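> Quick one: sequence and predicted model below, then my questions.
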Protein chains: 2
Amino acid sequence: MNGVEPRTTTAADALVAGVLGGNRLLLARAISRVENQAPEASALLTALYPHSGQAHIIGVTGAPGTGKSTLVTALAQCYRAAGLTVGIVAIDPTSPFTGGALLGDRVRMRALAGDAGVFMRSMATRGSLGGLSKTTGDVVTVLDAAGFDRIIVETVGVGQAEVEIASTAHTTLVIEAPGLGDEVQAIKAGILEIADILVVNKADRPGMDRTLRALEMMLDIEGNGARYVRHHGQLLRVESPVESDEEDRRWKVIVMKTVATDNTGVEELRQRIEAHRHWLMESGELALRQQLRIANTLENIIRAELNRRIAASIPAGRLDELVEQIRRRERDPYSAAAELLSLV
Amino acid sequence: MNGVEPRTTTAADALVAGVLGGNRLLLARAISRVENQAPEASALLTALYPHSGQAHIIGVTGAPGTGKSTLVTALAQCYRAAGLTVGIVAIDPTSPFTGGALLGDRVRMRALAGDAGVFMRSMATRGSLGGLSKTTGDVVTVLDAAGFDRIIVETVGVGQAEVEIASTAHTTLVIEAPGLGDEVQAIKAGILEIADILVVNKADRPGMDRTLRALEMMLDIEGNGARYVRHHGQLLRVESPVESDEEDRRWKVIVMKTVATDNTGVEELRQRIEAHRHWLMESGELALRQQLRIANTLENIIRAELNRRIAASIPAGRLDELVEQIRRRERDPYSAAAELLSLV
């Protein structure tokens, strides 16, 4: 390291070479550039993209209190024991001001520290989820290009936006736990439907049987193995009558029990994820999910670029004038928006 | 009602007249048009906007299990007793498929049913929060134009997007409760900072003292009465040294205790909200919040329109081709996005 040269001036091509060459320091730096949407982020991603596409992406989502972080740590350790490398992207709901990851990767990283086969990054939501979906996808692309075999994207599945981030994965785990409150239960019902694998963690807690029965009933109602497609940013369920031979080719969502704190059921979970991966490849479903992921990426890039153009093309003074006119009810925001759009 | 004419053909001007004239059926219909982004939504909002601007908007947010809905119902009843009318917009995290409001307004509406001075609408997040912020603002505009004195926007404050919806209010209440889990606590810490008034509901529950102490400590750390501004969709804290006379003009965030189920503390809460309203008007802060709200509205309208243009101008076949080329790693999404943008 040259102490004279500021860290921020590392050129995009040096970062690309570092990421592809397995340099953890440059990988961390490349991810920071992408996360902060630095000027060289676009060049970085364009160069890294052709090297991505090998990793299997695992989305993990669940309500607060289900023990996701502990489970993700245990799962990463199982993958390491099986000889595979793991990248982890954890989306933390954090203060819009402090910026820090309150839920913290400090505790769990202790278990994974010092292992070059694991790379973890916590990303704070920082007040707005608007750009988070794009940034998360970009960070996954960097880790994928860096050669990690499995990439786990962990989100607190409470808002639908967070769910959407996890649902761009190849395999989506929804984590439940016994004995959470009613409102949390209702939120969980909304995210159940994106699950490829349902996990009841903290399975040693009271209320387990009730939770299990409720989930199995829900699965029954929802129609096990239904197909979902993304259309204009919404998940849609394809309701086609099931032929008996088609039935066999469908993925069966099952409920798995784990106790992440003592590794109970975690290796079985890993095997189930791998089984899903094989099913995706054999059924042709993988290509469909890749297409959805790419369409989503394109949409996010376009949206980010349009936002940039709007910010660049609207004179700040004119915006302030319009806002003040609208505030005095001399104008309405719809005609004002039309005027601003004519400037883009 | 003419049974021959389908309900959906009610012209925008008839709806506008209905909303302004206090017709609840037409108000409900107008809100539905706005919520579903029907073709006439834009005309409706343009016509109603000049009649809005009188209502005081109260954002209510809090983690799952804090009893927000019960508190909002009790608060609405207090406002009714004080002779004011109340509109309620409740954002429910729901299934992207069933669409229905799982948390439901059925239970609580029983307490408010039959009162023409209250109008409540539940809005489902339906798989994507992208358009929700705009739609919520639009529904608030309709209720405002309809003449409701106070409009309460209730969200589950777990994702930052939901928090953002509540924070476009004039007065923001953050609801806490004793004895929630650690992860929920951490999430709450993130939303504390948008509070104008902090409410510990379920104050009769065990753990109350500990929660209260924790909150008061946090308030102390965060700097009571700091100012926040919205900048490019992010809330920023203005860190200016406090002059002793400026100190007096600041709003003091205090912690209030309520037990919504038996109305304990709810009337005091209502009076505190009104005190905040008067402070906003006297301090000049109201104009600032209105400006932020309008800038946010403008941004949302522009974003929605650009999304519409993108969808309309990109040939579906070309998009599919590009996605397939990217999937085979023959192209990268960044150059493909540039091509698609050239078509908009």
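Cool, got the structure.

> now stretch A:67-76, how far from the chain's geometric center?
Put simply, stretch A:67-76 sits 15 Å off its chain's centre (C-alpha atoms, centre = their mean, to the nearest Å).

> scratch that, stretch A:256-265 is what I was asking about
With C-alpha atoms, centre = their mean, you get 22 Å for stretch A:256-265.

> How is chain A divided into domains?
Following automatic domain parsing, chain A resolves into domains at A:1-51, A:52-283, A:314-343.

> lowest-confidence stretch among those?
Note on the domains of chain A: lowest mean pLDDT is at domain A:52-283, with a mean of 75.

> Just the endpoints, please. Distance across that one?
22 Å (C-alpha to C-alpha, to the nearest Å).

> Show me where the stretch 201-344 of chain A has its strands.
In the stretch 201-344 of chain A, the segments counted as strands under DSSP state E, counting those that start in this stretch are A:227-231, A:234-238, A:255-257.

> in the stretch 51-200 of chain A, which spans are helices?
Listed in chain order, the helices of the stretch 51-200 of chain A (DSSP state H, counting those that start in this stretch) span A:68-81, A:106-112, A:132-145, A:160-166, A:182-192.

> One more: the stretch 201-344 of chain A?
Using DSSP H, counting those that start in this stretch, helices in the stretch 201-344 of chain A cover A:208-222, A:244-249, A:266-283, A:285-313, A:316-327, A:333-343.

> For these, give me JSON lines that also has distance to chain B and mean neighbour count.
(C-beta placed from N, C-alpha, C; glycine too.) JSON lines is the format used below for those (distance: least, C-beta to the nearest C-beta, whole Å; neighbours: other C-beta atoms under 10 Å in any protein chain shown):
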{"stretch": "helix A:208-222", "distance to chain B": "8", "mean neighbour count": "15"}
{"stretch": "helix A:244-249", "distance to chain B": "20", "mean neighbour count": "10"}
{"stretch": "helix A:266-283", "distance to chain B": "14", "mean neighbour count": "16"}
{"stretch": "helix A:285-313", "distance to chain B": "4", "mean neighbour count": "18"}
{"stretch": "helix A:316-327", "distance to chain B": "5", "mean neighbour count": "16"}
{"stretch": "helix A:333-343", "distance to chain B": "4", "mean neighbour count": "17"}
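
> now those as a markdown table including distance to A:V19?
Formatted as a markdown table, those follow (distance: least, C-beta to C-beta, whole Å):
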| stretch | distance to A:V19 |
| --- | --- |
| helix A:208-222 | 40 |
| helix A:244-249 | 38 |
| helix A:266-283 | 24 |
| helix A:285-313 | 18 |
| helix A:316-327 | 37 |
| helix A:333-343 | 38 |
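
> For B:V199, find the nearest of those.
Between B:V199 and those, the shortest separation by C-beta to C-beta is 29.2 Å, and it involves helix A:316-327.

> what's that closest one in contact with?
Helix A:316-327 is contacted from outside by A:331-333, A:336, A:339-340, A:343, B:287, B:290-291, B:294-295, B:298, using C-beta atoms under 8 Å, 6 or more residues apart in numbering or on different chains.

> May I ask which two of those are separated the most?
Greatest spatial distance among the contacts of helix A:316-327 (C-beta to C-beta): A:L343 and B:A287, at 25.3 Å.

> separation between A:D13 and A:S52?
Noted for A:D13: a distance of 17 Å to A:S52, by C-beta to C-beta, to the nearest Å.

> actually A:A124, sorry about that
In terms of C-beta to C-beta, A:A124 sits 24 Å off from A:S52.

> More neighbours: which of these two?
A:A124 (22 against 19; other C-beta atoms under 10 Å in any protein chain shown).

> dump the residue contacts of the closest residue in space to A:G137 that isn't next to it in sequence.
Excluding the flanking residues, the one nearest A:G137 by C-beta to C-beta, 6 or more residues apart in numbering or on different chains is A:T297, at 5.4 Å. Contacts here follow C-beta under 8 Å, 6+ apart; on that basis A:T297 touches A:134, A:137, B:326, B:333.

> Correct me if wrong: A:R293 contacts A:T168.
Yes - if you go by C-beta atoms under 8 Å, A:R293 and A:T168 touch, sitting 5.1 Å apart.

> Find residues that contact each of the two.
Here A:R293 and A:T168 have A:G137 as joint contacts, going by C-beta under 8 Å, 6+ apart.

> list the contacts for the nearest residue to A:R272 once chain neighbours are set aside?
Nearest residue to A:R272, sequence neighbours excluded (C-beta to C-beta, 6+ apart): A:I197, at 5.6 Å. Applying C-beta under 8 Å, 6+ apart, we find A:I197 in contact with A:171-174, A:253-254, A:256, A:269, A:272-273, A:276.

> Pairing partners for A:I197 in the sheet, please.
Taking DSSP bridges as the rule, A:I197 bridges to A:L173.
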